[in-house]
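Engineer: generate a structure from the sequence data that follows.
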Amino acid sequence: MIRGYPRHASIRPGARLQLQASTDRPRFRAALYRWGDGFEPGMRSDRLPGKHAVDEGPADDWHWPDYALALGLPMCSGVYLAQGEHFGHDTWPPLAGPACDGAPLAAFDHDSGKATLSALCHRAGTPHSYQVLAACHLDRHWQDLPSREWHAACEGIHAATLGIYQRGGAVFSAGTTDWAHVIDGPRDRRVERITRNVLDRLLA
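Structural biologist: Numbering: from 1, shown residues only. Model prediction:
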């Protein structure tokens, strides 16, 4: 498993992104993308030496190994994600709790975590320009897999989806009501960081 978070929520033009990461793998790569009208690849690092670091308290600096990454694109202001990042899987309450929901998906890659929006999403009220930023797949062991859109119960892809939609203004959807509980209770720094990035973007 590879986990990481940026040292700073934003950086100045020309500066390097300071990624702090912990992994049980001896080497790993980091990929950066620019998000505008869609995802644009920015850079893909060489293989980096992996180190494992322990989790600290929610108010502490975790001092995870630090990696300086050049962005590789003329990046405008925005929100940048590392593809394949996992978050919220070890929180209490679980981030994807009993009340979660998501946009209709055509595919979900369990290795990369990439979710592909269904071409028929508009029939369920989800616009084609909705950007799926993260997803949590709900497997057959999930408590309730009801019928939805054009699928019977327990059929199709069930997932909680986090994303954003822009048309004049911007709408952010976390896909779970437990997002607020995770921030207010035992915290996951990545959930805090995403929330801060979203608020910074909406208030800009």
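Engineer: tell me which helix or strand the closest residue to Ser173 other than its chain neighbours sits in.
Structural biologist: Once flanking residues are discounted, Ser173 sits nearest to Gly163: 5.7 Å by CB to CB, 6 or more residues apart in numbering. C-beta: built from backbone N, CA, C; applies to glycine. If you go by DSSP states H and E, Gly163 is part of strand 159-167.
Engineer: cool, His181 as well?
Structural biologist: Secondary structure (DSSP H and E) places His181 in helix 179-184.
Engineer: helix, strand or coil for the residue nearest the centre of the chain?
Structural biologist: Closest to where the C-alpha atoms of the chain average out (CA atoms, centre = their mean) is Ala134, at 4.1 Å. Secondary structure state of Ala134, per DSSP: H, G, I helix; E, B strand; the rest coil, is strand.
Engineer: same check on Glu192?
Structural biologist: helix.
Engineer: who's in contact with it?
Structural biologist: Glu192 is in contact with Ile183, counting by CB atoms under 8 Å, 6 or more residues apart in numbering.
Engineer: shaky segments in the protein?
Structural biologist: 9-10, 13, 34-40, 58-59, 72-85, 146, 153, 185-187 (pLDDT under 70).
Engineer: mind listing the helices in it by residue range?
Structural biologist: 179-184, 189-203 (DSSP state H).
Engineer: output those helices in a markdown table; the columns should cover distance to Asp109.
Structural biologist: Shown next, in a markdown table, are the helices of the chain (distance: least, CB to CB, whole Å):
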| stretch | distance to Asp109 |
| --- | --- |
| helix 179-184 | 23 |
| helix 189-203 | 20 |
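Engineer: who's in contact with the residue nearest to Ser173?
Structural biologist: Neighbours of Gly163 in contact, by CB under 8 Å, 6+ apart: 103, 130-134, 172-173, 175.
Engineer: any idea which of the residues you listed is closest to Met43?
Structural biologist: Leu133 (19.0 Å; CB to CB).
Engineer: for the closest one, grab the count of nearby residues.
Structural biologist: Leu133: 19 surrounding residues under other CB atoms under 10 Å.
Engineer: state the distance from it to Gly102.
Structural biologist: Taking CB to CB, to the nearest Å as the measure, Leu133 and Gly102 are separated by 12 Å.
Engineer: quick one on the thing from earlier: okay, buried residues for the strand holding Gly163 please.
Structural biologist: Applying a neighbour-count criterion of 16 or more other CB atoms under 10 Å, one finds 159-164 buried in strand 159-167.
Engineer: returning to what we had before: got the contact list for the helix holding His181?
Structural biologist: So helix 179-184 is contacted by 88, 91, 93, 95, 97, 188, 191-192, 195 (CB under 8 Å, 6+ apart).
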